Each structure stands twice: as C-alpha cells, then as structure tokens.
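>>> sequence plus the predicted model coming up.
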Amino acid sequence: MNEYKPDEFYIGYLPHTPSGVGRRLRMIVTGLLVLTVLTAVVLVLGQQRLRTGIFEFGDVRTFEGLMLARPIPVLLVARPGITGKLPVHSRYFIVAPGKHGADDLVGVFHYRQVKLKGTLVYRDGITMIEVVPDSIEAMPSNETRAQLPSIVARERRLHGEQVLTGEIVDSKCYLGVMSPGEAKPHRDCAVRCISGGVPPMFVVRHQNGERTLLWLMDRDGASVGNAVLDLVAEPVEITGEVRQEGDELFLRSDPKTYRRAPQISQHKER
Amino acid sequence: MSLTYGAIGWNRQKKIYDLVLACGIVLYLSLFIGLGAWLNPGATVETLLIRGFGTCALLLLHIVLIIGPLCRIDARFLPLLYNRRHLGVTTFIMGLAHAGLAIFQFHALGDLNPFVSLLVSNTRFFSLPDFPFQQLGFGALVILFLMASTSHDFWLANLSAPVWKRLHMSVYAAYALLIAHVTLGVLQAETNPLLAAALGAGLASVISLHLVSGSREVRADSHSSLSSFDGAGEFVDVCSVDEIAEKRARIVTLAGERVAVFKYDGKISVLSNVCQHQNGPLGEGRIVDGCVTCPWHGFQYLPDSGASPPPFIERVPTFRVKVDGGRVLVNPRPLPPGTRVEPARIDANASG
C-alpha cells in the first residue's frame, strides 16, 4: 500500500502531491517528529541538575543596618533576641543592579546606620541584596562606630594557611541571579560581573558534594577585584589564610600567587 | 517557478511544509522547556530558553545538512528539499534567538558594550578546554545570517547560481564552528556522556551520509565518463537509445562535465545537467508538459533549446546530438546557453 511508484514525480509548486510520494512523505515527516521528541527528551535528561540559588526578582524589600562599605560592601543587621554563640549580626552583601558592584553607591555610608531597598539573592547560607540605586539613606545609629570593630573582632576566627582548589565565580550570579552561575558556559558573564565590581568568590567542591564558599581578598584584606579575571571559571589553586567573620569565610592571598590547577579536587589543608 | 519576486514565495506545498516545520519547532521547544523546568527546577527561564533555542537550531541544521545527501541517495526525500530554504532561514532565526538571549544574559548590563564584551571577555585562544567558544558561535551566526539574508531568488539571480551556491556552501563552515562551539562550550561543563553521544550521532550521520552520497556520485561519474569519439572525432558515443526511459534522461560525463541526454516523443535532446536555478541535477528530472523539469524546484527548460519557456529567462547550455544505428552520439562541446539544437530523431539507422 505504501509502495513508492517510480513514475511519480514531485513538483513542489503544483497544488497536489502524487499519492505515492505523499504517503512516503507522511512516513518521513512522522519519523522526523519522532526524532524531534527523542532529541528533546535525551537532551533534557542528559543535563545535570542545577543547584538552586534564589533571586527574588521583582520582590523589593526594605532593610536597615550598619553599612560596611569596604572591602566588600555588606550590611550588618542585628539579629533579634539573644543570639548565644551565633554572630550578633546577619550579613547582607550588597551589589548594584546589572553586572555592577555597589562600591560607588555605598562608599559614603561606610560605618553608618542606613536604610535601603533591594532584592534578596541567597544560596547556601549566604545572602546578598541587589540594592535599588538612590534608595540608601542614613539613619540614626543604635550602635556607635566605636563598638563595631570589637564586635567584628570578637566574631573573627582564624583557620590558618590553607591550599584550596576550586573555581572563581562572581558572587551575584553564583548565589542565585543566574542558574547556572558557574563553570565555563558562564565564564564571560562572570568576567563581566567581576570587572563591573561584583565581588569574586571562591567555590571549593568537596567529594561528598558539599561546597565551601569563600570571599576572595588580598593579603591586606582589600578586594582582589580585576586581578582574578584571567582565572575565572577554571580550576584554580590558591594558597592563603582563611578567616571567618560571622558566618562568612574569607580567603586572603596575593592574586599573583593564584595558579591554574589541572582539575578541581577535594581541598587539602596544611 | 515565478517571474516576479515576492518577499516569500508561498504556495500550497510550501504552506504545508512550513506548517509542519512550525509544529515541529513548537513541539520541540514545549518538550525541552516544559520537561526541563519540571526535571530541573533550578534552571532559570532564561537558561531554558537559551538552551532550547540553541539545541533547536542545531537539530534543524542537522536536518538541513542531511537532506542534500539523502536526496542524492534516494529521490523519495526530494519533497524535503523543495522548501529547504525556509528550513535554513528558520534555523537562523532559532540561532538568533539563542544568541540574542545569550548575549543579553552574559554580556549586557555590564561595563562594556555587549558585542565588545563578547569578543574580549575570554581570550584564552591557546587553551583547548578554556577556548572562547562564544566567539565560535557568533562566527557561525554571521555565516547563517549571510545565508538567510541571501536565501531568496532575487539574490540567486543577481549573484548568479555558482556564486550563490559557493556562498551557501559556507553552511559547512558554520556547522563546523557550531560543533566546536558546543564541544568547547557547554560540553566542558555538562559531563553526561548522553549529550556527547547525541552530538556525536548527529555529526556521524552528517559525515557518513555525505561520504555515501559522494562516493556514489564519484562511482556514477566514473561509469558514465566517456571519451571515445566517432571516426570524425566530433561526437562521442554515449549510450544506446534503449538505455534511456521515455521522458527521462541518462546522465553522462563528457570532458569532465555532466550532461543530460533526454528521450521524449521519438526524439533525443542533450543539455547541461546543471539547473541554472540552484545547480540541481536536470538529468534526474522528467519531461513534464514538454519541458525538462528539475527535480529540486521544478524549474523548466525546453529540451531543444535549453531555454525556459517564456516569460521565464533561465537558460542552460545545449549539445549537438545525433542517433546512428540506435546509438546516441553527442558532441561534447557545449553550445551557448539557450542555443536551439534540432533534436535527433529516433528512427532506425537515422542520424541527426
């Protein structure tokens, strides 16, 4: 019934397709549609499951706290009630909209109590605010500037010199603005974000699937900024001092000593 | 065939073709994005769209590329070729959607112009795993744009078929760039062998079908290549009259060029095998309504003159021919396109 008739000749601009050609054509089109479905299913199943960060896009909230503009802009918000052994502040890192850091927006508010509006980005216990430009206003302070250094110092833990292997990412995308916000496909975006002032972050992947996130600083505790651009989204080994401030980890090292690693592996300590 | 240029030359068959194409794309994108959102809730909408459009463009490009050799191997696939240009333009549109979203996602709203950012954000050209794959995809998109924007009979007529054909052969360069774009890009992060296998299967099918169809062409050319002249040294004995089916042709190679020897209504006419429209194989066509009809897009030529019937203006070279003792003899020197040649009469012992 479906036999092809050799005498039939298909001419596309004629209104009708010869019957044998038409039957064969329907079989070919059916095969192509099956191929379409199979391709879609295989390509979806083949992709790795993406880890979830959250960007509350469109949900603008108001925050109040103490602004530390340097080295990485962060808003310290006092935790309510008795914190016990927990840090007395929650830390909300601040970035600007787009692929920009917030240094220029928050510089004049360093060490001041402020109120600002922004959108939350969070993942794995780290929270960030994409601040609404011009929404930051100085407020009367409940804590004196003099108290803050002692609070920060009290919550500081030193974890010594370590050799860590991981990947440099831009913190904003990694924490949730993009998914995936890491690895090679995201490299150019990460370069653009870090170049625009978004603080770089170091992601150490452990064999048990867990990850450690560290903010990158130079040996003097200043932002490493553009010095890391050439190494973004690649396996990198960094030797440096790990510090903990509140819930956050910081890796202090001279960016000139960063070196490409053959592969990302479990980190070793020394 | 059409005498005037329209933005899109739709007819009933093309409408059906495009409708099926649109349904296929909607089916693919719905499945890819719907299933992707369900199984991978961590993926953002932008990521799903970028991946959906990109993989859709690559799938379409594979289909575009295998249609040619499939038709060379089996004429039953010819209806897919008829409207392949719409398939090609649709491939470009899917690629453009992928690239537009990706450039916005990865390069816009930053401290550089997005297109400058695309070119300078990654300059690790001497590292294979870190190679700047986005530039490769952009290069492919530029080629696909040039092809899509000239994918119209206006450009075909004004650039001439050989130039147009050469330009559109650059699809293979675009394909190579896209394979590298995917291999050095997303496959560096996605480690599931299923994805590499899918890409490998696509690449293998494109290469193997081209090799098979190419080897068949070479074999056919070697079997049909003729050079034994008659006593006067003017005509070459190409075949017996009986070897040619009525209203069809036999393709032979004379002086390195393929010619089509047509038999119809007790006559033999010989013209170039190359259609002026898109270099389609006229010898694989038929005589329809008294005209040689190209199997690719139905362009027609009068068999004795190689000229399209008025008001059309396409012309192909013709060849002098005679029949002697049941043998077809062809002068291998082509006459200027459109030159009328008296057909050879098929009478016993007649010579043309």
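Thanks, I have the structure now.
>>> for chain B, give me its nearest residue in the stretch 51-200 of chain A.
residue A:98 (3.2 Å; CB to the nearest CB). For glycine as for every other residue, the C-beta is placed from the backbone atoms N, C-alpha and C.
>>> helix or strand: which one has the nearest residue to residue A:173 once chain neighbours are set aside?
Nearest non-adjacent residue to residue A:173, counting by CB to CB, 6 or more residues apart in numbering or on different chains: residue A:181, 3.4 Å away. For residue A:181, there is no host helix or strand (DSSP states H and E).
>>> next, residue A:62: phi, psi?
phi -110, psi 140 (degrees, to the nearest 10).
>>> tell me the contacts of it?
By CB atoms under 8 Å, 6 or more residues apart in numbering or on different chains, the residues touching residue A:62 are A:115-117.
>>> for it, give me the pLDDT.
For residue A:62, the model assigns a pLDDT of 97.
>>> likewise for residue A:269?
Residue A:269 is given a pLDDT of 42.
>>> swap in residue A:223?
Per-residue confidence at residue A:223 stands at 89 (pLDDT).
>>> before we move on, back to that, from residue B:105, how far out is the residue of the stretch 51-200 of chain A closest to chain B?
Distance from residue A:98 to residue B:105, counting by CB to CB, to the nearest Å: 12 Å.
>>> higher neighbour count, the two?
Ranked by neighbour count (other CB atoms under 10 Å in any protein chain shown), residue A:98 and residue B:105 place residue B:105 first, with 20 against 16.
>>> would you confirm that that one belongs to a strand?
No - read with DSSP: H, G, I helix; E, B strand; the rest coil, residue B:105 is helix and lies in no strand.
>>> now the longest strand belonging to chain A, how far from the centre of its chain.
For chain A, the longest strand by residue count, based on DSSP state E, is strand A:156-170. How far strand A:156-170 lies from its chain's middle: 17 Å, per CA atoms, centre = their mean, to the nearest Å.
>>> buried ones in that strand?
Neighbour counts using 16 or more other CB atoms under 10 Å in any protein chain shown place A:162, A:164-170 of strand A:156-170 among the buried residues.
>>> packing partners of that strand?
If contacts are counted by 3 or more CB pairs under 8 Å, 6 or more residues apart in numbering or on different chains; DSSP states H and E, strand A:156-170 sits against helix A:187-195, strand A:200-205, strand A:211-217, strand A:235-245, strand A:248-252, strand A:268-269.
>>> run the chain-centre distance for the second one.
In other words, strand A:200-205. 9 Å.
>>> any bit of stretch B:13-22 sitting next to chain A?
Yes - Stretch B:13-22 comes into contact with chain A (CB under 8 Å from any CB of the partner chain), by way of B:13-14, B:20.
>>> contacts for that stretch, please.
Counting by CB under 8 Å, 6+ apart, residues outside stretch B:13-22 touching it are A:12-15, A:17, A:29, B:10, B:79, B:82-83, B:86-87, B:90.
>>> quickly list the domain ranges of chain B.
B:12-221, B:236-345 (automatic domain parsing).
>>> can you give me the end-to-end span of the first one?
Using CA to CA, to the nearest Å, the gap from the first to the last residue of domain B:12-221 comes to 36 Å.
>>> before we move on, the earlier item: next, count neighbours for the residue nearest to residue A:173.
Neighbourhood size, residue A:181 [other CB under 10 Å]: 28.
>>> give me the subset of the residues of stretch B:13-22 next to chain A lying in helices.
Of those, the ones assigned to helices by DSSP state H are B:13-14, B:20.
>>> I'd like these as a markdown table, with neighbour count appended.
Formatted as a markdown table, these follow (neighbours: other CB atoms under 10 Å in any protein chain shown):
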| residue | neighbour count |
| --- | --- |
| B:13 | 20 |
| B:14 | 17 |
| B:20 | 16 |
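>>> going by distance to chain A, which of those residues wins?
residue B:13 (4.7 Å).
>>> can you tell me how far that closest one is from residue B:216?
27 Å.
>>> likewise residue B:57?
29 Å.
>>> so what's the most centrally placed residue in chain A closest to, chain neighbours aside?
In chain A, the centroid-proximal residue (CA atoms, centre = their mean) is residue A:174; its distance is 1.2 Å. Among residues not flanking residue A:174 along the chain, residue A:181 sits closest, at 4.2 Å (CB to CB, 6+ apart).
>>> surely the one you found meets residue A:170?
Yes - if you go by CB atoms under 8 Å, residue A:181 and residue A:170 touch, sitting 7.3 Å apart.
>>> OK, contacts around residue 150?
Went with chain A since none was named. With CB under 8 Å, 6+ apart, residue A:150 has no contacts at all.
>>> ah, I was thinking of chain B
With contact set as CB under 8 Å, 6+ apart, residue B:150 has these partners: B:156, B:159, B:164, B:167-168.
>>> report the secondary structure state of residue A:21.
helix.
>>> neighbours of it, just the number please.
Counted with other CB under 10 Å, residue A:21 comes out at 19.
>>> any weak-confidence spans in the chain?
You didn't say which chain, so I picked chain A. A:1-6, A:82-83, A:142-146, A:263-270 (pLDDT under 70).
>>> that answer is for a different chain, and I need it for chain B
Applying pLDDT under 70 to chain B flags residues B:1-8, B:230-231, B:348-352.
>>> please repeat the previous calculation with a cut-off of 50.
B:349-352 (pLDDT under 50).
>>> could I get the full set of strands for it?
For chain B, the strands defined by DSSP E occupy B:225-226, B:236-240, B:248-254, B:257-264, B:267-272, B:286-288, B:291-293, B:300-301, B:318-319, B:321-324, B:327-330, B:344-345.
>>> and the second one, what does it pack against?
If I follow you right, that is strand B:236-240. Counting by 3+ CB pairs under 8 Å, 6+ apart, strand B:236-240 packs on strand B:225-226, strand B:248-254, strand B:327-330.
>>> what's around residue A:57, how many residues?
13.
>>> and it, backbone torsions?
According to degrees, to the nearest 10, residue A:57 has phi -60, psi 130.
>>> I'd assumed residue A:118 was in contact with it.
No - in this structure residue A:57 lies outside contact range of residue A:118 using CB under 8 Å: 11.8 Å.
>>> what sits against residue B:144?
By CB under 8 Å, 6+ apart, the contact list for residue B:144 reads B:88, B:91-92, B:95, B:171, B:174.
>>> return the residues in contact with the residue most central in space within chain B.
Chain B has residue B:68 as the residue nearest its centroid, 5.3 Å off, counting by CA atoms, centre = their mean. Residue B:68 makes contacts with B:81, B:210, B:213, as judged by CB under 8 Å, 6+ apart.
>>> any idea how far residue B:73 is from the first one?
Taken as CB to CB, the spacing of residue B:81 relative to residue B:73 amounts to 12 Å.
>>> comparing these two, which residue is more hemmed in?
In terms of neighbours (other CB under 10 Å), residue B:81 is the more surrounded of residue B:81 and residue B:73; the figures are 22 against 13.
>>> check whether residue A:205 really touches residue A:213, as I assumed.
No - the pair residue A:205 / residue A:213 is not scored as a contact, 10.5 Å apart, by CB under 8 Å.
>>> around chain B, pick out the residues from the stretch 151-270 of chain A.
A:178-180, A:183-189, A:191-193, A:195-196, A:230, A:234.
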